[in-house]
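Visitor: Sequence and predicted model, in that order:
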Amino acid sequence: MTLVFDCRHRYSSGFVLDARVKTDDRVTAICGPSGSGKTTMLLLIAGLLRPDTGHIRLDEVTLNDTRERICIAPEKRDMGTLFQEHRLFPHLTVKANIEYGMRRRGNGGISMDQLIHTLELDPFVNRYPHSLSGGQKQRVALARAVVSAPRLLLLDEPLTALEPSLHDRITLYIEQVIQTFGIPTLLVSHHRQLVERLADRVIQIEQGTILQSDECVDDDYPLSRSITAS
Ligand SMILES: Nc1ncnc2c1ncn2[C@@H]1O[C@H](COP(=O)(O)OP(=O)(O)OP(=O)(O)O)[C@@H](O)[C@H]1O
């Protein structure tokens with residue numbers, strides 16, 4: 001899997017994102033100060049925001065190309081997303097919430113039972129979101145994001161809404177899911193431990209511009225040196 005991102009987007013607030021990035025099968029973290037454009041990049045990749053100019057390609061598929069007027073709808077991008085808020089459906093059980101991820105994009109070979117087992121959700125499958133803890137809800141949201149074996153998983157601050165006491169456990173669950181099911185991932189997080197634990201590559205962004213692209217970071221480049229965000 002290769003993602004090519006080359007986009008410019010200006011908000012009405014005056015903020016401009018102007019970034020070029022290429023990622024691969026591994027876990028790539030996007031790090032930078034608050035307001036530097038990390039979430040904006042993920043929104044553009046997910047198709048939830050349209051770039052003013054530029055293109056986004058996932059392997060041979062063009063997701064956006066402003067010159068060609070191509071803009072693929074979010075649900076057709078074959079991506080799993082997990083944002084800060086879990087956004088579970090309150091009227092659906094845990095199982096039905098996870099199955100929703102399959103209905104939208106089909107199941108690309110991930111066993112629902114194995115996923116539920118990996119995330120230790122077995123005791124909760126017939127319960128409703130309101131009766132779950134924050135960490136349990138986040139695990140359900142993660143299951144829903146990956147059940148269709150997406151070509152790319154987008155994680156935006158997956159720990160932020162959780163109590164610090166849950167960070168280690170959820171980090172472990174995310175790591176297990178990504179490794180067990182081999183899902184290429186783009187991670188936005190200011191949690192240094194999560195980034196160090198999960199990321200193979202780090203991209204630095206500041207004021208809408210990439211300071212250091214992943215091509216500059218390789219296995220010989222210590223991750224701790226490449227992270228400036230706390
Ligand atoms: N819908 C919007 N309209 C106008 N300005 C926006 C909008 N969304 C975000 N911005 C601005 O764009 C800039 C980048 O926002 P973005 O959410 O991408 O940053 P971020 O790096 O993810 O920040 P954080 O780490 O705090 O989540 C910020 O200055 C923000 O105020």
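Guide: Right, received. Where do you want to start? Keep in mind it's a predicted model, so treat the numbers as computed, not measured.
Visitor: Could you find the closest non-adjacent residue to Gly32?
Guide: Of all residues not flanking Gly32 in the chain, Ile205 sits nearest, at 3.9 Å (C-beta to C-beta, 6 or more residues apart in numbering). Every C-beta, even on glycine, is put in place using the N, C-alpha and C of the backbone.
Visitor: and the strand or helix carrying that neighbour, which strands flank it?
Guide: Using DSSP states H and E, Ile205 falls within strand 201-206. Applying DSSP bridges, strand 201-206 is found paired with strand 27-31 (parallel), strand 209-212 (antiparallel).
Visitor: Spell out whether the shortest one and the ligand are in contact.
Guide: Meaning strand 209-212. No: Strand 209-212 is not in contact with the ligand by C-beta under 6 Å from any ligand atom; minimum separation 11.8 Å.
Visitor: related to what we said a few turns ago, need the winner for burial among the strands paired with strand 201-206.
Guide: When the strands paired with strand 201-206 are scored by mean count of other C-beta atoms under 10 Å, the highest mean neighbour count falls to strand 27-31 (a mean of 25).
Visitor: hang on, the earlier thing: can I get the strands paired with strand 201-206 in CSV including distance to Pro158 and mean pLDDT?
Guide: Compiled in CSV, the strands paired with strand 201-206 are given as follows (distance: least, C-beta to C-beta, whole Å; pLDDT from 0 to 100):
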stretch, distance to Pro158, mean pLDDT
strand 27-31, 12, 96
strand 209-212, 22, 88
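Visitor: and the protein, which of its residues are near the ligand?
Guide: 11-13, 15, 32, 34-40.
Visitor: and with 8 Å instead?
Guide: 11-15, 17, 32-43, 156-157, 188, 190, 205, 208 (C-beta under 8 Å from any ligand atom).
Visitor: What are the boundaries of the strands in the chain?
Guide: Counting by DSSP state E, the chain has strands at residues 3-10, 16-23, 27-31, 53-58, 61-65, 70-71, 79-82, 152-156, 185-188, 201-206, 209-212.
Visitor: Look up how far the ligand lies from the residue nearest to the spatial centre of the chain.
Guide: By C-alpha atoms, centre = their mean, the chain has its centre lying nearest to Leu154, at 1.4 Å. Separation of Leu154 from the ligand (C-beta to the nearest ligand atom, to the nearest Å): 12 Å.
Visitor: can you pull the contacts of that residue?
Guide: 42, 45-46, 79-82, 185-186 (C-beta atoms under 8 Å, 6 or more residues apart in numbering).
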